[in-house]
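A.B. asks: sequence first, then the predicted structure, then my questions.
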Amino acid sequence: MTIAIAVALILGLATLLGWLRLGLWHRAAHATGQASPGRTAALALLQPVCAGLLYLALFSPLAVGGSSSLRIATAGTARLTGAQSGAPLILLPEAPNIGGGEAVPDLATALRRHPGVTMIKVLGDGLTPRDLDAARKLAIAFEAPPLRPGIMDIARPASVAPGGRFVVGATLNGWSGATVDLLDPAGRVTDSGTADKDGHVQLAGTARAAGAVLFSLRARSGRQVVAQADVPVWIAESARPRLLILAGAPGPEVKYLRRWAIDAGYDVTTQMRAGGGIALGDAPVSLDAGSLRRFDVAIVDERSWPAARGSLLAAVRGGMGLVLRAGGAMDGATRSQWQALGFSLSGPGGIAPLALPKAPDPAIARTRHGIGSVDAPVDMALPEELVPDISRIGLAPGGDNGVPLLQDAGGTSLAAWRAVGAGRVALFTAIDSYGLTLTGRGDLYGDWWSRLLGTVARPAPGSVMVTDTVWAGERMTLCGLTGEGRVEGPDGGVARMLPVAGCGAFWPAKPGWRSVRTQGEVRPFYVQPQDALPVMRAARDQRAMAMLRREAPTGSGTMTPAAPRADWPWWLAWLATSALLWWLERSRVGRPAPPPPTQSAM
Amino acid sequence: MNAGMLFTHWIAPARNRRSANTLALALPLAMAMAAIGWRVAGPIAAIAITTVSLAVALAVARRQAARFDRHWLVRTLDANRPELEDSSALLFTDDAPLSPLQSLQRGRIAARLDQGAPQDLISGWSTRTLLGLSLLAAIVITAALLWPRAGEGPPTLTPSSEGLPARPGIPRLVAQNLRIIPPAYTGLLVRDSASLDARVPQGSRLEWTLRFDPQASAPRLLMLAGEPMALHPDGANWIASRSTDAAFLYRVDPASGRGATPPLHRIDAIADAPPQVKALSDSLTMVKSGQRNWSPAFAATDDYGVAASARLRVTLAIGEGENVTFSEREIPVSGSGPVRDRRFAPRLDFSTFGFVAGGDMVVQLIVRDNRSPSPQEVRGPSLILRWPSPKAPESSGLTGMVNTTLPAYFRSQRQIIIDIEKLLKDKRSLTPDRYLSRSASIGGDQQILRVRYSQFLGGENEGAPELPTADGEAHSDGDGHDHGPPVARQNVFGEKEDVLAEFGHPHDESPASSLDPETRAILKQAVDEMWQSERELKTGHPDAALPYAYKALRFIKEVQQATRIFLSRVGPELPPIDASRRMTGKREGLGSRVLPVAPIEGDDGPAAAAWRALGDGPGAIRGPIALGALEGWTRANATRLPDALALNGAIDTVRSDPACLPCRAKLRALLWTAMERTARPARRRPADAAGARYLDAIGGAP
């Protein structure tokens, strides 16, 4: 039983009661001789009319009879739309001034004003996140316009280690073949690339000291800059990883790896066997679960792998990272052991030459290197053109479960990783990579090994930034909050954030860096200026629109309960009828004059 | 006189006059244009303009003269000479035959023609035009000569743009000029800069001319690092000057610190680059048969100019094997070509140098630029001319290889003598310390040679390398542990007893034991002389060592004549292997050593701290920032920074106006270029709590 039926029943009952009272009155009046059948009939007639009007005022039939579809003009609506006839036209604030429509602050307001709307036709670029919730229960007709050329997406790392190298990916729309530059915070071009036919391009930069920094992405055709966008990068210190290097024999690879890892900030423990029970390196480590738990990542060559296999794999399942490297051409046994980890190894075997990428342009290398130190002036430390003789085993790791990690200049996979339990295992096929450090390509050496170790090492709680791109003047959602948060703005202002189920909403008014602090954890995020990355924003809105309902609604549950109806005529009629009823009841019209009252003693 | 000659006779004076007139009119114009050209683009342009304009004038004059033709002559004569009865055309026509009547008339007027002269027909000089043009040319030439050059005369002030608000009563810079006088040797012209920022050649003199409104009392130029410079009044202006040795930042302070802080200006000093020498010939040339001289070619370039005279160092190496004699001399050579790109191609005659077959001639060009004072001297690449020995078979293609496979590990006695003589010659130009060290180093060579020769005589090795391993631990009696009984090696039956090795040590184990006693005696004398020579050298008396060295050489020569000696040339000396333990598998007494690897030190330093403070992210400081540490760091590391001066300027700007957001952004951008990339990429990937929970739920994790 709905409220409407209950109200109708109550009103019917009230009418019956009214009639009963009228009948009683009429009989009493008959007794006094004041009865007037005409007046009583009028009163009796007005009772159901009044009740009916009240019912109609409460449940206005005009609402049901209103238009059931609307045309919503959003940003980018054609100017001629206003002149076309059809469903009522609603102008959202983003819509251009096309005239001939009803301007509303948002879609929800329009739906309140037009109750009973079950379908909207969205014109122009589409609804903004503000209106998406309101549109969720409606059927939507929307034809997405083609996106304008521009930067459609930017992918960036959540955090970068101090001094680390990072890669920024960008997707351009409609400008395949455009040149894309990555500018460092000083405005120097630190990498340059050309978008492929799908518009993708990857650019690399290097970080410096910990902090928040803005790189900048610039797309240009020829010399003319066609788009530019900020790329926020968060450089954060991380927990110091503990590294175990196991080698079946001493050699230069281990020596240089140890040297590099210590300089790169690892706590290194090296174990090399020299045969006959002699071990070189640091104090011996027993390879059991307890001692391996102390390490975050291990580098193991193929000679020491068989002996330590069981305990290492158990440690990997517990979260440790493992890098298996080849020391030379592999025999069948080792190959099958590696394959047993879930990797596929394709290739003829043996030793194959490794195609090294070209050294970057000196100007670009200079921007990536930073200032020189006293020991190594920058001119000496820059990459050289001399190509060292580095080889790899003739097997390319891959497979369905393997994630490619490193590739040489010819596109051959050099390294791949896959998850084993809670940890990760990577294979590295380059041999004698230390040659890079001796021939002026220490940058590439560091890049390879830090990517290998950084990918597989045991995860640690660390500071990461929110990688969603948000714009000023738009509501954003921050999730993963453990308690009440404080959002610190670029000008030092602080806003409290009360999360619901771990998520809180924030409405940044101005662009710039912000950080949300919750119980000792700081997560920075960057708010783009309102007019930045328009194409990326349009693409996001189109994706959200595409996820809205498209088919016609079924059932009657589409009415928004709180929607006020256009019921004022009924209320007015009801008021008039009630007033008439009241006046008729109180007045003496049609009633025979009463007998003159007996004089009472005053 | 036929008609043609008559015509020429009558027309020539008029034509000549017209040509002369035209040329006279053209001359002042040409001179005026030449003066302008000379002023604008130098004397070559003036000559070119004069030539071209005179050629044009000549052409015009010819055209003008050509207008005096037969028709004109006939018309003029008929108009001016009534007695010719309008028949002068008959006189100048060659178109015979004439009718009888015409012949009659021609005869009549031919007689009358000579009553006048051809000079009567010439037009007068166009005097007024000539005067006018001459006057104009004189004015133009005077103006061209007197037009002020940039950098001459009083400077023209340009309105300044310091961007400071005008405040009543406080002087403000309103006009400015910076005159840059480059050093004379650069050949650059003096120029006036309207801006107070400039890039000037190093050593330039700078002259500021500034005007203030209202008039300043004691304006100064404040150097960012250094003493302020007072300005001196010069009429209504204020002047100052200084020379530029290095780049600097300064600001004009008109009001002694009152009022707003004026912006910084920057003077960059462009250092004179040293000259560049490039060899145009091949680095190794072989002498062709019949060749008598060689002309190696070099090109020397410089930013301002290469001195026309250079020196060529010629080193001759004559002889083979041990008997190579070196001689070195420097000859002056003069270059040709423009001052900034000179060519040097001296011709070297073999006879003058005594260059013969079997020798190498190495030449190296030493050039100087024209910097003054102290020209920069640069040595170019060495070029080698090789004259293969006629006896040796042609080893084409092997020359380089043969040379590198036989390095000399020690010097010959002859070379030591050459070194000593050279040292004595250079003595005057060397400091005593340097002299002593060179003498000692030759002494070292002498010692090596002496040890080599004494090995032939069974001499004891000196300074035998010690075992660097634990095996080689120095043991001595009483070092705290037991050494055990003396090693007693068991005699294997049949093996010759090495009594000498067991109980003593031989003194003649060397190859020299096969030498005959006579030779050995001579060799011993040679070694004795070497010892003396070495002693004198090491005590810093090469002059005293020379006679001993000569004697040693003579003894060696005698030995060489007596027999042949093969000296073993050895490379690096590796530690000896402890043969007694080799391949035995014994591991007792092995030392456990850990060689700690110290990570490279690199700290973020004040640059990173200031960079974080200047930003708008976490860790930023919105108010004033203490920049003292950063400034000190910048000063200490100026050589490492790409642009320390700009950084200093930006620090100063931020300090004076901490609220200026663009200034902070600029300093922050500069700091990015000044930060070390402490490559410490070690990191663990951030934990992903949701991912871990998911993995737990699907049973992936243990």
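C.D. replies: Nice, thanks for sending it over.

A.B. asks: lowest average confidence, helix or strand, in the chain?
C.D. replies: Picked chain A for this. Every helix and strand in chain A was compared by mean pLDDT, DSSP states H and E; the lowest is helix A:61-65, with a mean of 50.

A.B. asks: wrong chain, I was asking about chain B
C.D. replies: None of the helices or strands of chain B scores lower by mean pLDDT, DSSP H and E than helix B:399-405, at a mean of 38.

A.B. asks: what's the first helix or strand after that one?
C.D. replies: Per DSSP states H and E, the first helix or strand lying C-terminal to helix B:399-405 is helix B:413-426.

A.B. asks: coming back round to it: so after the least confident helix or strand of chain A, what's the next helix or strand?
C.D. replies: As the chain continues past helix A:61-65, the following element, by DSSP H and E, is strand A:69-73.

A.B. asks: ok, residues contacting that next one?
C.D. replies: Strand A:69-73 is contacted from outside by A:81-82, A:86-92, A:95-96, A:98, A:101, A:107, A:110, A:114, A:117-124, A:127, using C-beta atoms under 8 Å, 6 or more residues apart in numbering or on different chains. Glycine gets a C-beta too; all of them are placed from N, C-alpha and C.

A.B. asks: give me the buried subset of the residues you listed.
C.D. replies: Among these, those scoring as buried are A:81-82, A:87-92, A:95-96, A:98, A:101, A:107, A:110, A:114, A:117, A:119-124, A:127 (criterion: 16 or more other C-beta atoms under 10 Å in any protein chain shown).

A.B. asks: which of these fall within strands?
C.D. replies: A:89-91, A:119-123 (DSSP state E).

A.B. asks: walk me through the domains of the chain.
C.D. replies: Picking chain A for this. Using automatic domain parsing, the domains assigned to chain A come out as A:3-61+A:566-586, A:69-147+A:537-551, A:157-238, A:242-456, A:470-532.

A.B. asks: wait, chain B was what I had in mind.
C.D. replies: According to automatic domain parsing, the ranges for chain B are B:3-146, B:158-270, B:276-392, B:401-470+B:493-568, B:605-674.

A.B. asks: quick revisit: pipe the domains of chain A into CSV and attach distance to B:M286 per row.
C.D. replies: Formatted as CSV, those follow (distance: least, C-beta to C-beta, whole Å):
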stretch, distance to B:M286
domain A:3-61+A:566-586, 109
domain A:69-147+A:537-551, 70
domain A:157-238, 48
domain A:242-456, 30
domain A:470-532, 68
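
A.B. asks: by proximity to chain B, which residue of chain A wins?
C.D. replies: Proximity of chain A to chain B (C-beta to the nearest C-beta) peaks at A:A212, 2.7 Å away.

A.B. asks: for the residue nearest the centre of chain A, give me its contacts.
C.D. replies: Centroid check for chain A by C-alpha atoms, centre = their mean gives A:D468 as the closest residue, at 4.7 Å. Each residue near A:D468 by C-beta under 8 Å, 6+ apart is listed here: A:476, A:525.

A.B. asks: quick one: it from B:R685, how far?
C.D. replies: Using C-beta to C-beta, to the nearest Å, A:D468 is found at 19 Å from B:R685.

A.B. asks: what do you get for B:R220?
C.D. replies: B:R220 sits 59 Å away from B:R685, going by C-beta to C-beta.

A.B. asks: could you report the neighbour count for B:E534?
C.D. replies: 25 (other C-beta atoms under 10 Å in any protein chain shown).

A.B. asks: ok so, going back, can you list the ones in strands among the buried ones among the contacts of strand A:69-73 in JSON lines and add distance to A:R523 and pLDDT?
C.D. replies: Listed next are these as JSON lines, based on distance: C-beta to C-beta, whole Å; pLDDT from 0 to 100:
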{"residue": "A:L89", "distance to A:R523": "43", "pLDDT": "85"}
{"residue": "A:I90", "distance to A:R523": "38", "pLDDT": "87"}
{"residue": "A:L91", "distance to A:R523": "38", "pLDDT": "88"}
{"residue": "A:M119", "distance to A:R523": "41", "pLDDT": "84"}
{"residue": "A:I120", "distance to A:R523": "37", "pLDDT": "87"}
{"residue": "A:K121", "distance to A:R523": "40", "pLDDT": "86"}
{"residue": "A:V122", "distance to A:R523": "34", "pLDDT": "86"}
{"residue": "A:L123", "distance to A:R523": "38", "pLDDT": "85"}
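
A.B. asks: export the residues you listed to a markdown table and tack on distance to chain B?
C.D. replies: Shown next, in a markdown table, are these (distance: C-beta to the nearest C-beta, whole Å):
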| residue | distance to chain B |
| --- | --- |
| A:L89 | 43 |
| A:I90 | 39 |
| A:L91 | 37 |
| A:M119 | 37 |
| A:I120 | 35 |
| A:K121 | 39 |
| A:V122 | 34 |
| A:L123 | 39 |
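
A.B. asks: state the pair within those that is farthest apart.
C.D. replies: Greatest spatial distance among those (C-beta to C-beta): A:L91 and A:M119, at 18.1 Å.

A.B. asks: tell me which helix or strand B:T22 sits in.
C.D. replies: Residue-wise, B:T22 maps onto helix B:3-41 under DSSP H and E.

A.B. asks: and that helix, what does it pack onto?
C.D. replies: helix B:43-66, helix B:70-80, helix B:127-146 (3 or more C-beta pairs under 8 Å, 6 or more residues apart in numbering or on different chains; DSSP states H and E).
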